[in-house]
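Visitor: this one's sequence-less:
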């Protein structure tokens, strides 16, 4: 889509763009990716059945992953009921094993983050963030899944520590330090600029306040609050 721009620099959508949006949403509902949808709308993919067959295979793989995750959770609950010890490491490994995918839903940015971000950032700030995002993707091999797997591991560790409810523990403060250092690789300017950092927090807060969008986000509001509390405790410890 190539919408126009108004005098303030914001995107402008008309009847043609809204009709295309409805077409895209309908095809996404069938499980198609944006590249495949673009090809279909441009008439480049003649064999829709072949595309849907690939999507069916992907869904079957996800169902198998879900079945495996449910079996692991059931086994863990049996261990807990029988009184067997279940450490933080055990819990973190369980979460890591039951994560559905090593890559986040690519539509989260377009569907959830982008509309909210455009309300909080100025056009210049938003363009800067997009440029930093693209530059970071050029430096990191996203296709290998190494970066998202590392994030998955941090999220799993944070959930395990949150279950203990101790953001001021040494483990939690160390996790928060590594979490922020990892995030700084992607958006160093956002984390070091107080105004941009505050706006970014506001974007995530708004996205997580909506139950429908929160269900698609990679982290929960409670988890972010826990990491921030641990980060505050870490800063206070270092300042002391």
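Guide: Yep, that arrived. Values in this document were obtained by computation on a predicted structure and should not be read as measured data. Residues are numbered from 1 along each chain as shown.

Visitor: got the domain boundaries for the chain?
Guide: Per the record, the chain has its domains at 1-46, 58-85, 87-240, by automatic domain parsing.

Visitor: Packing partners of the strand or helix carrying residue 175?
Guide: Element membership for residue 175, per DSSP states H and E: helix 170-186. Contacts defined by 3 or more Cβ pairs under 8 Å, 6 or more residues apart in numbering; DSSP states H and E place helix 170-186 against helix 123-139, helix 146-164, helix 188-192, helix 221-239. The C-beta positions use only the backbone N, C-alpha and C, and glycine is treated the same way.

Visitor: Can you tell me which of the domains of the chain is packed in deepest?
Guide: Among the domains of the chain, domain 87-240 has the highest mean neighbour count (mean count of other Cβ atoms under 10 Å), at a mean of 15.

Visitor: re the thing from before, reformat the helices and strands packed on helix 170-186 as TSV; add mean pLDDT and distance to residue 38.
Guide: Below are these laid out as TSV (pLDDT from 0 to 100; distance: least, Cβ to Cβ, whole Å):
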stretch	mean pLDDT	distance to residue 38
helix 123-139	78	18
helix 146-164	82	23
helix 188-192	68	29
helix 221-239	90	33
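
Visitor: Relative to residue 68, which of these is closest?
Guide: Checking the helices and strands packed on helix 170-186 against residue 68 by Cβ to Cβ gives helix 146-164 as the closest, at 15.7 Å.

Visitor: and the closest one with helix 221-239, angle?
Guide: Counting by axes from the mean of the first three to the mean of the last three Cα atoms, to 10 degrees, helix 146-164 lies at 90 degrees to helix 221-239.

Visitor: and the angle from helix 146-164 to helix 123-139?
Guide: Using the same axes, to 10 degrees: helix 146-164 against helix 123-139 is 110 degrees.

Visitor: Low-confidence ranges, this protein, go.
Guide: Where the chain drops to pLDDT under 70, the residues are 1, 3, 28-36, 43-59, 61-62, 88-89, 91-107, 138-146, 188-191, 240.

Visitor: just to revisit the earlier point, which residues touch the helix holding residue 175?
Guide: For helix 170-186, contacts defined as Cβ atoms under 8 Å, 6 or more residues apart in numbering pick out 88, 132-133, 136, 140, 150-151, 154, 157-158, 161, 166-167, 191-192, 226-228, 230-231, 233-234, 237.

Visitor: what about 6 Å?
Guide: In this structure, residues lying in contact with helix 170-186 by Cβ atoms under 6 Å, 6 or more residues apart in numbering are 136, 154, 157-158, 161, 166, 191, 227, 230-231, 233-234.

Visitor: show me what contacts residue 239?
Guide: With contact set as Cβ under 6 Å, 6+ apart, residue 239 has no partners.

Visitor: Look up how far residue 181 lies from it.
Guide: Separation of residue 239 from residue 181 (Cβ to Cβ, to the nearest Å) stands at 18 Å.

Visitor: Then residue 115?
Guide: 29 Å.

Visitor: Residue 209 now?
Guide: According to Cβ to Cβ, residue 209 stands 27 Å off from residue 181.

Visitor: what's the answer for residue 211, then?
Guide: Residue 211 is 31 Å from residue 181, by Cβ to Cβ.

Visitor: likewise residue 236?
Guide: On the measure of Cβ to Cβ, residue 236 and residue 181 end up 18 Å apart.
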